[in-house]
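Trainee: What shape does this take:
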Amino acid sequence: MNTLKTALPSRRTLLKAGALAGIGFPSIVRAQSKVIVTTSYGGAYEQNYRKFVLEPFSQKTGAQFVIKYGGADEWLSNAMINKADPEIDLPFLSFPVAMRAIRTTGVFMELTPAQVPNATSVHPIFYDTYQRKAVGFNYVDYGILYRKDKVAKPITSWADLWDPALKSQVIAPGPTAGSMYELVMVAARLNGGGDDYRVGIEALKRLKPNILRWFNTSNEVDGLIQRGEASVAAGFGGFRSYALIDAGVPAEFVTPSEGAPMGVLSYHVPVNAKNRDLLLEFVNFALSVEPQTQFGNAMPSGMTNAKVKLDDKIASRIAPPDKLLRLNWEKLQSSYNDITMRMQREVIG
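Mentor: Below you'll find the predicted structure:
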């Protein structure tokens with residue numbers, strides 16, 4: 001999803017139908033008509049997000065939503081370029097883009113408990129990680145999926161990936177897969193490097209004999225694991241892993257003993273948003289127990305409100321917050337480009 005789908009409806013159509021996409025809609029009209037321009041990913045995520053979060057808020061307040069599609073990088077760029085008069089009222093950003101967003105100047109506001117009361121119920125890792133300049137909505141955990149019929153020794157740790165018995169059997173995330181940076185930092189910590197990514201890159205060089213492929217999309221993993229061409233998928237999402245297991249693949253998904261990296265979608269409210277009070281009201285609603293519980297059970301997905309109790313089967317398949325890996329994102333952020341270049345040149349290439 002690298003292209004913004006931008007269909008500009010008439011004001012009459014927008015107010016009547018709630019609109020599916022829009023760009024350049026005047027901020028003052030958005031405020032008067034209770035229209036919120038936000039972002040989302042498509043497919044099942046959008047369907048459940050609309051059903052359990054957007055539509056109930058619309059029914060409660062009369063607000064209407066315009067969805068922009070694309071990717072977090074372009075949404076952040078849009079917010080920075082248009083910070084004086086935001087086109088996107090409420091960017092919904094993912095790691096690691098969100099960590100860049102909170103360090104921009106004059107773009108996004110701090111979200112205090114006074115403005116978003118339900119933020120006090122959010123687990124600290126999904127609030128304090130953003131220095132309270134954003135707040136997480138839901139999360140997925142990235143662990144290790146392995147085929148039990150092809151791996152003799154159960155995998156319990158990230159360190160197990162370096163086992164020589166796994167030669168040419170492991171697939172691991174590349175630069176666009178969503179968890180490559182985390183894998184680099186896991187490798188650094190395993191080898192005594194702390195937050196020094198250079199130690200992690202050197203360790204991943206030693207992993208190369210075990211690597212069958214560096215994957216870029218989840219679809220690649222699905223096919224390789226289903227066909228038995230790969231035995232182990234490192235840094236792969238629990239949601240996708242359990243979909244394969246439920247489909248009959250003889251596999252197991254584990255949260256490594258050192259912890260699981262997390263993928264979080266977070267709300268960022270522009271400083272100059274014309275409909276700021278409505279945005280804050282929506283964020284507070286989205287963090288409340290009912291929509292969080294309904295969305296989490298439907299996806300399924302981990303949710304950020306600590307008071308949410310998901311169905312037992314779903315809860316058992318999601319790493320709890322205390323099993324998630326905490327990284328020094330502030331330090332890591334300045335090294336993104338170097339990590340990407342070195343990984344491509346020295347490890348992946």
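Trainee: going forward, measure contacts and count neighbours with C-alpha atoms only.
Mentor: Fine.
Trainee: Could you report the neighbour count for residue 247?
Mentor: Residue 247 has 10 neighbouring residues, counting by other CA atoms under 10 Å.
Trainee: same deal with residue 259?
Mentor: Neighbour tally, residue 259, other CA under 10 Å: 21.
Trainee: ok, so what distance separates it from residue 235?
Mentor: Residue 259 sits 11 Å away from residue 235, going by CA to CA, to the nearest Å.
Trainee: what residues are shared contacts of the two?
Mentor: Counting by CA atoms under 8 Å, 6 or more residues apart in numbering, residue 259 and residue 235 have no contacts in common.
Trainee: give me every residue that touches residue 226.
Mentor: Taking CA under 8 Å, 6+ apart as the test, what residue 226 contacts is 244, 249.
Trainee: Tell me how far it lies from residue 210.
Mentor: 19 Å.
Trainee: Equivalent analysis for residue 338, please.
Mentor: For residue 338, the distance to residue 210 - CA to CA - is 24 Å.
Trainee: So between those two, which is more surrounded?
Mentor: residue 210 (20 against 12).
Trainee: Test my guess that the more buried one contacts residue 160.
Mentor: No - Residue 210 sits out of contact with residue 160 when judged by CA atoms under 8 Å, with a separation of 10.9 Å.
Trainee: contact partners of whichever strand or helix holds residue 282?
Mentor: Here residue 282 is covered by helix 276-286, with elements defined by DSSP states H and E. The contact list for helix 276-286, computed with CA under 8 Å, 6+ apart, reads 34, 36, 53, 57, 89-90, 115-119, 137, 267, 269-270, 291-292.
Trainee: Among the residues you listed, which ones are in strands?
Mentor: 36, 137, 267 (DSSP state E).
Trainee: Quickly name whichever of those residues is closest to residue 179.
Mentor: residue 137 (18.7 Å; CA to CA).
Trainee: neighbours around the closest one, how many?
Mentor: Residue 137 - counted by other CA under 10 Å - has 22 other residues nearby.
Trainee: show me where the stretch 101-250 of the chain has strands.
Mentor: 135-147, 170-173, 211-215, 232-237 (DSSP state E, counting those that start in this stretch).
Trainee: Could you list the paired strands of the longest one along with their orientation?
Mentor: Spelled out, it's strand 135-147. Using DSSP bridges, strand 135-147 pairs in its sheet with strand 232-237 (antiparallel), strand 251-254 (antiparallel), strand 262-267 (antiparallel), strand 302-303 (antiparallel).
Trainee: list the contacts for residue 95?
Mentor: Neighbours of residue 95 in contact, by CA under 8 Å, 6+ apart: 178, 263-265.
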